[in-house]
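Visitor: this one's structure only:
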Ligand SMILES: Nc1ncnc2c1ncn2[C@@H]1O[C@H](COP(=O)(O)OP(=O)(O)O)[C@@H](O)[C@H]1O
Ligand SMILES: [Mg+2]
């Protein structure tokens, strides 16, 4: 199996061209994506925003290769989604929105699960790899044997993130990573994502409704409306784009506060 060619900063990691997604329903076909284009480059943290039901999660699942678009093209590192990298490892890790852990497994076995499924490595190595990831997400070895039922919401997200990273994928997909966390845990998780992005050189695609997370982490924002990406760019550019959804989304108290934060950190 050929390893994917190395990618340099700025090279495309995900390319989506003229993508259509149509679901059949009793009241006629529902077009979720219509001629959607989006290109994501190495090293970006691209945030996808859009109203509820606009097809953000479906798009992540298509990048992961779990769902096929009805028309159009998706490539990840130049290949169809779901294509495996060196040694059969997944090229894409995903933190699912309801990133449920397996309740019957302890923390370490949850993190190790994708590697065990691969059936390539001896168990002692797999355990070591899972322990490294456990520490990478800010948990301690003493948490390894805990049951998911005994973890806080923030810890569950961290374990799910460690599981998403177990194969060292170059691309990480996050579906509403801070939803449901209290503000302090959300801040902590955001800090963790920022340092992992930097240290691991990851490319990240994130769906989020949380404006703080959005402005803290994104290098670029893509807005999903009218069945396509209407604008993708830096925060300033996106906020200035004339569209009713954007106006509504970024106006109001939360939007104003987030924009003020943006002025305090003009490098973002
Ligand atoms: N497997 C499916 N079958 C039928 N409809 C679906 C399916 N998956 C998603 N949808 C519909 O597609 C739309 C987009 O879903 P989703 O991507 O989950 O939205 P969101 O942007 O909130 O993440 C929704 O209207 C949803 O009901
Ligand atoms: Mg969703």
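Guide: That came through, no problem. For clarity, every value in this text was computed on a predicted model and none was experimentally measured. Ligands and ions are numbered 1, 2, ... in the order given.
Visitor: give the contact list for the nearest residue to residue 233 once chain neighbours are set aside.
Guide: Spatial nearest neighbour of residue 233, excluding adjacent residues (Cβ to Cβ, 6 or more residues apart in numbering): residue 220 at 6.2 Å. (C-beta placed from N, C-alpha, C; glycine too.) Residues near residue 220 by Cβ atoms under 8 Å, 6 or more residues apart in numbering: 44-47, 232-234.
Visitor: equivalent analysis for residue 158, please.
Guide: Residues in contact with residue 158 (Cβ under 8 Å, 6+ apart) are 137-139, 189, 192.
Visitor: apply 10 Å and report the result again.
Guide: Contact partners of residue 158, counting by Cβ atoms under 10 Å, 6 or more residues apart in numbering, are 95, 107, 111, 133-134, 136-139, 143, 151-152, 185, 188-189, 192.
Visitor: who in the stretch 51-200 of the chain is up against ligand 1?
Guide: For the stretch 51-200 of the chain, the contact set with ligand 1 under Cβ under 6 Å from any ligand atom comprises 52-58.
Visitor: type out the PyMOL command that picks the buried ones from the residues you listed.
Guide: A single PyMOL command is used to select the members of those judged buried by 16 or more other Cβ atoms under 10 Å:
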select buried, resi 54+55+56+57+58
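Visitor: relative to residue 72, how far out is the residue nearest to residue 233?
Guide: From residue 220 over to residue 72 the distance is 21 Å, taken as Cβ to Cβ, to the nearest Å.
Visitor: now do residue 149
Guide: 42 Å.
Visitor: of those two, who's got more company?
Guide: Neighbours were counted for residue 149 and for residue 72 using other Cβ atoms under 10 Å; residue 72 has more, 17 against 8.
Visitor: check the more buried one and give its pLDDT.
Guide: What the model reports as pLDDT for residue 72 is 98.
Visitor: is it true that it touches residue 16?
Guide: Yes. With contact defined as Cβ atoms under 10 Å, residue 72 reaches residue 16; the gap is 7.1 Å.
Visitor: tell me, what's touching the two both at once?
Guide: With Cβ under 10 Å, 6+ apart, residue 72 and residue 16 have common neighbours 33, 36-37, 62.
Visitor: okay, residue 229: pLDDT?
Guide: Looking at residue 229, the pLDDT reads 98.
Visitor: identify the bridge partners of it.
Guide: Per DSSP bridges, the residues bridged to residue 229 are residue 224.
Visitor: isn't it right next to residue 48, touching?
Guide: Yes. The pair residue 229 / residue 48 is scored as a contact, 8.2 Å apart, by Cβ under 10 Å.
Visitor: which neighbours do these two share?
Guide: With Cβ under 10 Å, 6+ apart as the test, residue 229 and residue 48 both reach 38, 59, 222-223.
Visitor: in ChimeraX, how would I select just the buried ones from those residues?
Guide: Applying 16+ other Cβ under 10 Å to the shared contacts of residue 229 and residue 48, the buried members can be selected in ChimeraX as follows:
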select :38,59,222,223
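Visitor: ranges for the strands of the stretch 151-268 of the chain?
Guide: In the stretch 151-268 of the chain, the strands defined using DSSP state E, counting those that start in this stretch lie at 171-175, 203-207, 220-225, 228-233.
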